[in-house]
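In: Sequence plus the predicted model coming up.
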Amino acid sequence: MGTMIGVLQVSLGVLIVVVVGGGLVYWYVQDITQKKHAILRNYPVIGHLRYFFEQLGEYFRQYFFLGDREEMPFNRATRGWVYRLAKNEGGVIGFGSTYDLHQPGALLFVNAGFPVLEEDQAPTPPLIIGEGYTAKPFVARSVVNISGMSYGALSRPAVLALSKGAAEAGCWMDTGEGGLAPAHLEGGADIIMQIGTAKYGVRDAEGHLSDDRLRELAAIDAVKAFEIKLSQGAKPGKGGVLPAAKVTPEIAAIRGIPVGLDSISPNRHRDIGNVNELLDMIVRVRNLTGKPVGIKTAIGGRRFLHELCEAILRRGLDTAPDFIAVDGGEGGSGAAPQALADHMALSIDEALPRVVDTLIEFGLRERVRVVAAGKLVTSARAAWALACGADFVNTARGFMFSLGCVQAMRCHQNTCPTGITTHDPKLQRGLVVEEKYLRVAHYARNMNKEIDMIAHACGLRHAREFRREHVRRVQADGRSEAFNMLYPYPEPFDGKGGVF
């Protein structure tokens, strides 16, 4: 018996050696004869180590080699800040900050000699969007809100957790261009319905904007406003891309497209080719829905905004968008061509003051609400945006971090390890809605709370009292300068011309 077992063990060992050896020989021949990769052709088999380590390099750097303030697009210190807020652990640190106060671009708030006492502090008031120009204006309660991320780009558990968390915290949730999904409504959040260039969710059989569909959506109480998306910070001039692997039957039905094919939006609205056609579309949607209508756009300069404001003054304030969502060039939670993600559109740091200044120049600042987005994931960056002139702050990746995102950079591959951007049921299992929605709510609430805390330290009763003189930016020589000196408040436009 023992002899037989020994023979079987030897035979099994020989078989393993033969299989492994045969596999290596096959691998060697395949590498040395292929013509695509020079390294594999010259160094068969072992050349694969180069690609293996290249693939793992970003993960090794993230956890072992890079410092807390070095990683991109979000460093470990920033992610840790968001994680603590989402877990309701507070933003308290020990032994001092690792934030470099001398680095060009660093933000410093101007602390008051006598901060506002707790008993003198006031709650940050809500703002009304569309008041006086829509039948059903939207009372927006939260400063910080969820930016557009489509159902499809995000998984169903992620969308449901975001919606439930938004409802708990009292913030709004933007649908993104993928249309309104049942998961958006199931969570009970206030919804801003985005109209993308492909008109997903609001299109007829020919792909055109459907009046009937707009009326149906407007009849849903949770849908508080509509947003016409012209462009987004990650890829101005390029439509949205949802890989075929993510176009499930449910998503195809919501969007009104074929199953299993890449969902690619046009790079602009075919029926909006100038500012007059844009204002026509705003008026059309507002008249059909009775609800506020805004636009979302990245900014490349002042020309577009000047032309838009001139057209509004010429045609009347009732044609103006009720809000403008300004997306910085550093934005983007989904897939985008690197050429556009890296080099197209102004950063929110420059785009936001340009937009606010233009509205002031043309006397439209009180008519149009301003929403800012673009890596504004911390309370300090959000407070800067308010000081710069924004009414609200949107963030996508901040809320993704609150769901547990680890910045694996696989959003477009359907292999997200945390279940946020995948439709693989095995990976979605890791995202437990009943746990994660609370983190979404904590993040939103704590962001608002910390923004108010910064305001109180500046001597303000609440966050809506921020102005540019309350924040300073460090310059190249290491000295800081007040933001109202870098971007002085403009004089109202006199109708004789403007600076482009």
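Out: That came in fine, so what should we check first? Numbers count the residues shown, from 1 in each chain.
In: With only the CA atoms kept, save stretch 203-214 in PDB.
Out: C-alpha atoms of stretch 203-214 as PDB (Å, rounded to 0.1, in the frame of the first residue of the first chain):
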ATOM      1  CA  ARG A 203     -35.600  61.100 -25.200                       C
ATOM      2  CA  ASP A 204     -38.100  59.800 -27.700                       C
ATOM      3  CA  ALA A 205     -37.700  56.800 -30.000                       C
ATOM      4  CA  GLU A 206     -35.600  58.900 -32.400                       C
ATOM      5  CA  GLY A 207     -33.300  60.200 -29.600                       C
ATOM      6  CA  HIS A 208     -34.800  63.700 -29.500                       C
ATOM      7  CA  LEU A 209     -35.900  65.600 -26.400                       C
ATOM      8  CA  SER A 210     -39.400  64.400 -25.400                       C
ATOM      9  CA  ASP A 211     -41.900  66.900 -24.100                       C
ATOM     10  CA  ASP A 212     -44.000  64.000 -22.700                       C
ATOM     11  CA  ARG A 213     -41.100  62.500 -20.900                       C
ATOM     12  CA  LEU A 214     -40.200  65.900 -19.400                       C
END
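In: buried stuff in that stretch?
Out: For stretch 203-214, a neighbour-count test (16 or more other CB atoms under 10 Å) marks 203, 209-210, 213-214 as buried. Every C-beta, even on glycine, is put in place using the N, C-alpha and C of the backbone.
In: show me where the stretch 351-500 of the chain has helices.
Out: Using DSSP state H, counting those that start in this stretch, the helices of the stretch 351-500 of the chain run over residues 379-388, 397-403, 425-428, 433-457, 483-486.
In: Flag every buried residue along the longest one.
Out: Buried positions in helix 433-457, judged by neighbour count with 16+ other CB under 10 Å: 433, 436-448, 450-457.
In: Got the domain ranges for this protein?
Out: Residue ranges for each domain of the chain read 2-65, 120-486, as given by automatic domain parsing.
In: Quick check: pLDDT value at the most centrally placed residue in the chain.
Out: When CA atoms, centre = their mean is applied to the chain, the residue found nearest the centroid is Ala396 (3.0 Å). Ala396 carries a pLDDT value of 93.
In: Let's have the buried residues of stretch 203-214 in JSON lines, adding secondary structure and distance to Val18.
Out: Converted to JSON lines, the buried residues of stretch 203-214 look like this (DSSP: H, G, I helix; E, B strand; the rest coil; distance: CB to CB, whole Å):
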{"residue": "Arg203", "secondary structure": "strand", "distance to Val18": "59"}
{"residue": "Leu209", "secondary structure": "strand", "distance to Val18": "65"}
{"residue": "Ser210", "secondary structure": "coil", "distance to Val18": "65"}
{"residue": "Arg213", "secondary structure": "helix", "distance to Val18": "64"}
{"residue": "Leu214", "secondary structure": "helix", "distance to Val18": "68"}
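In: Looking at pLDDT only, which of those scores worst?
Out: Out of the buried residues of stretch 203-214, that is Arg203, at 91.
In: circling back: the residue nearest to the centre of the chain touches Asn145, doesn't it?
Out: No. Shown here, Ala396 and Asn145 do not form a contact pair, counting by CB atoms under 8 Å, at 10.3 Å.
In: beta partners of Val144?
Out: Assessed by DSSP bridges, Val144 has beta-bridge partners Val393.
In: how about it, what does it touch?
Out: Residues in contact with Val144 (CB atoms under 8 Å, 6 or more residues apart in numbering) are 171, 382, 392-395, 398, 444, 447-448, 451.
In: Dump the helices of the stretch 351-500 of the chain into CSV; add distance to Ala86 as well.
Out: As requested, these are exported to CSV (distance: least, CB to CB, whole Å):
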stretch, distance to Ala86
helix 379-388, 13
helix 397-403, 4
helix 425-428, 19
helix 433-457, 4
helix 483-486, 29
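In: Pick out the least confidently modelled helix or strand of this structure, by mean pLDDT.
Out: Using mean pLDDT, DSSP states H and E, helix 48-60 stands out as the lowest-scoring helix or strand of the chain, at a mean of 62.
In: What's the first helix or strand after that helix?
Out: Counting by DSSP states H and E, the next helix or strand C-terminal to helix 48-60 is helix 76-86.
In: what comes up buried for that next one?
Out: Here helix 76-86 shows 76-79, 81-86 as buried, counting by 16+ other CB under 10 Å.
In: With stretch 215-231 instead?
Out: Buried positions in stretch 215-231, judged by neighbour count with 16+ other CB under 10 Å: 217-218, 222-231.
In: Please enumerate the helices of the stretch 201-350 of the chain.
Out: Listed in chain order, the helices of the stretch 201-350 of the chain (DSSP H, counting those that start in this stretch) span 211-218, 249-255, 275-289, 303-315, 338-343, 348-361.
In: among those, which is nearest Glu481?
Out: Nearest to Glu481 among these is helix 348-361 (13.6 Å), distances taken as CB to CB.
In: Go through the contacts of Val144 and name the one nearest Ser480.
Out: Ala382 (19.5 Å).
In: The closest one reaches Met447, doesn't it?
Out: Yes. Between Ala382 and Met447 there is a contact under CB under 8 Å: 6.3 Å.
In: List just the nearest of the buried residues of helix 76-86 to Asn414.
Out: For these, the residue nearest Asn414 by CB to CB is Arg79; the value is 22.6 Å.
In: how close does the closest one sit to Ala325?
Out: Remark: distance between Arg79 and Ala325 (CB to CB, to the nearest Å) = 24 Å.
In: likewise Pro243?
Out: Note on Pro243: its distance to Ala325, by CB to CB, is 25 Å.
In: Of those two, which one has the most company?
Out: Set Pro243 next to Ala325 and count neighbours by other CB atoms under 10 Å: Ala325 wins out with 28 against 16.
In: who touches that one in this structure?
Out: With contacts defined as CB under 8 Å, 6+ apart, the neighbours of Ala325 are 227, 294-297, 371-373, 394.
In: Please flag which of those residues sit within strands.
Out: 227, 294-297, 371-373, 394 (DSSP state E).
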